[in-house]
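> compute the structure for the input listed below.
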Amino acid sequence: MSTVTLAGTGTLTRLALRRDRLMIPLWALVTGGMVASGASSLEGLYDTAAARAEVAASMTANSSMRALYGPVFDDSVGGLVAWRFGTFAAVLAAVASLIVVVRHTREEEETGRQEMLSAGAVGRRAPLTAALLAALAVNTAVALIVTAGLAGQGTAGALALGLAIGGTGMVFATTAALAAQLTESARLAKGLTAAALGLAFALRAAGDSGTADGSSLLTWLSPVGWAENVRAFAGERWWVLLLTAGAILIQTAAAYALTARRDVGASFLATRPGPAEGRLGSAGALAWRLQRGALLGWSLGFLLGGLVFGGMVEGAADLVGDNEQAREIFERMGGQSALTDAFLATMVSLFGMIAALFAVGSVLRAHGEETSGRAEPLLANALGRLRWAAGHLVIAFGGSALILLLAGLGLTLSYGRDPAPILGAALAQLPAVWTLAGLAVLLWGAAPKAATAAWGMAGLCLALGWIGPALDLPQEALNLSPFTHLPKLPGPEPTWPPILLLTTVAMTLTTTGLARLRRRDLLT
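I've put the predicted structure just below:
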């Protein structure tokens, strides 16, 4: 590789790190800190060797729990931390990596900024290299935090877990780099990489549900499964990291080869030119055309997710019934004394928190139309801002209701229970979902340059709801999430005041944001 093609890499790397000076440290602290703090939490829950051995045996014996977290390879505190938090930390590192890489490659080209930068002394491969170095900074920080935080449980195990998590992040950073060369849209590049990550998680879950030692072929086909099979704190398999390194090198080489064969802004999977099909005579029809692919993908994912989790209900309930510590975690997450209802409430709440990501992303799609300049020609005609925004908001608010209904339908079909309680529980998540969507509308309307901060709030709520109870966080911290205040259904009769209050908050945030949008200047 010629040094000329890397000219300007240092400058672009410093620019990328400066632009992500808040995101990278915060994501690293949240992901690494979650794993590091898990030791004290699990040590408090399982304070004797006998208790740890019991939970390790029961978790490994249950296919439902293996599908969620993988098998427990060792009953030490470090081994339980690797089991409970390792997979999800690897997924979080992968998500951060794909966002960083696409942001500094395809998104720069899509907005035209890369063409301006390339007019200077910038080599062809410099932007891609800078993006990968920024992703490396995220994953190195996560690995260091995990290693330092768990060193007291065993230096070798802590280092192995840190490398496994950071290495998984870099695998999907290079996957994102490859997707950025193939597609013309940053949104599609993120979608393809996220789909690859979802497939990797599903392969790992399917493999682990069938075997208790991580030896399934499906597990070995998944980079997430490789992180698990490093076996941190359980006789480390250092050679598994060679698979991770090999995938990184192969995908990086492919991305470099592709970037050398295309022009800035071009792609290998070019968008098919017109003529446009169907009717685009209204702002709502245009919003539907722009977002229908994403809505279809989310709908299919939620339906399949409901089918998968519905099949796990009986196994999870049997497991929790045999373990007092696990019972306490599920009751705190689900809020019900009936363990089956507690598990269902936990899964429905998880779907709600993930649906908030869809709602926020759908709102911010309109923000992206504004910042890219595509909204300005529309609004220069006889189209008001509110009517233009309403097309996207209908999809954000209505689409989130649709995907939650599909998740509830999947749970019902797989579990075989009366659909009304589960579908009602799914719809009960909407006030919290809409509150976060309303926050995104408010930020877009009042402070458009800070609109992407809505992602941070949605991610925080997901972390608090899914990881917070296992970390035994104080109730004051959990109360930061609107999902904490919802009734935990299915179970007893719903309590309506929090539902009505959150719905009112969502409406207030949305109307305030639209009022500010109507009065401010457009971004260009």
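> in three-state terms, label E184 for me.
Three-state assignment for E184 (DSSP: H, G, I helix; E, B strand; the rest coil): coil.
> in the chain, which helix or strand is least confident?
In the chain, the helix or strand scored least confidently by mean pLDDT, DSSP states H and E is helix 324-334, which has a mean of 55.
> buried residues in stretch 293-300?
A294, L295, G297, W298, S299 (16 or more other C-beta atoms under 10 Å). Every residue, glycine included, has its C-beta placed from N, CA and C.
> cool, stretch 482-502 as well?
So stretch 482-502, judged by 16+ other C-beta under 10 Å, has buried residues 482-491, 498-499, 502.
> tabulate these (a markdown table), appending secondary structure and pLDDT.
A markdown table is the format used below for the buried residues of stretch 482-502 (DSSP: H, G, I helix; E, B strand; the rest coil; pLDDT from 0 to 100):
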| residue | secondary structure | pLDDT |
| --- | --- | --- |
| P482 | helix | 91 |
| F483 | helix | 90 |
| T484 | helix | 88 |
| H485 | helix | 87 |
| L486 | coil | 88 |
| P487 | coil | 86 |
| K488 | coil | 82 |
| L489 | coil | 81 |
| P490 | coil | 81 |
| G491 | coil | 70 |
| P498 | helix | 88 |
| I499 | helix | 90 |
| L502 | helix | 93 |
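> strands along the stretch 401-524 of the chain, start to end?
Taking DSSP state E, counting those that start in this stretch, the stretch 401-524 of the chain contains no strands at all.
> for the buried residues of stretch 293-300, which one is nearest I395?
If you rank the buried residues of stretch 293-300 by distance to I395 using C-beta to C-beta, L295 comes first, at 6.5 Å.
> ok, the closest one touching V394?
No: if you go by C-beta atoms under 8 Å, L295 and V394 don't touch, sitting 11.1 Å apart.
> make a markdown table out of the buried residues of stretch 482-502 and add distance to L307.
Compiled in a markdown table, these are given as follows (distance: C-beta to C-beta, whole Å):
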| residue | distance to L307 |
| --- | --- |
| P482 | 27 |
| F483 | 23 |
| T484 | 27 |
| H485 | 29 |
| L486 | 24 |
| P487 | 25 |
| K488 | 22 |
| L489 | 20 |
| P490 | 18 |
| G491 | 22 |
| P498 | 29 |
| I499 | 27 |
| L502 | 28 |
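> give me the low-pLDDT residue ranges for the stretch 1-150 of the chain?
1-2, 4, 64, 114, 118-120 (pLDDT under 70).
> and the strands in it?
Using DSSP E, counting those that start in this stretch, strands in the stretch 1-150 of the chain do not occur.
> pick out the residue closest to the middle of the protein.
V95 (5.7 Å; C-alpha atoms, centre = their mean).
> let me see the contact set for that residue.
V95 is in contact with F172, A194, L197, counting by C-beta atoms under 8 Å, 6 or more residues apart in numbering.
> which of these fall in helices?
Taking DSSP state H, the ones among the contacts of V95 that sit in helices are F172, A194, L197.
> most neighbours, which of the residues you listed?
When neighbours are taken as other C-beta atoms under 10 Å, the top entry among the ones in helices among the contacts of V95 is F172 (31 neighbours).
> check that residue and give its pLDDT.
pLDDT recorded at F172 is 95.
> could you find the closest non-adjacent residue to it?
The shortest distance from F172 to any non-neighbouring residue, by C-beta to C-beta, 6 or more residues apart in numbering, is to A94 (3.8 Å).
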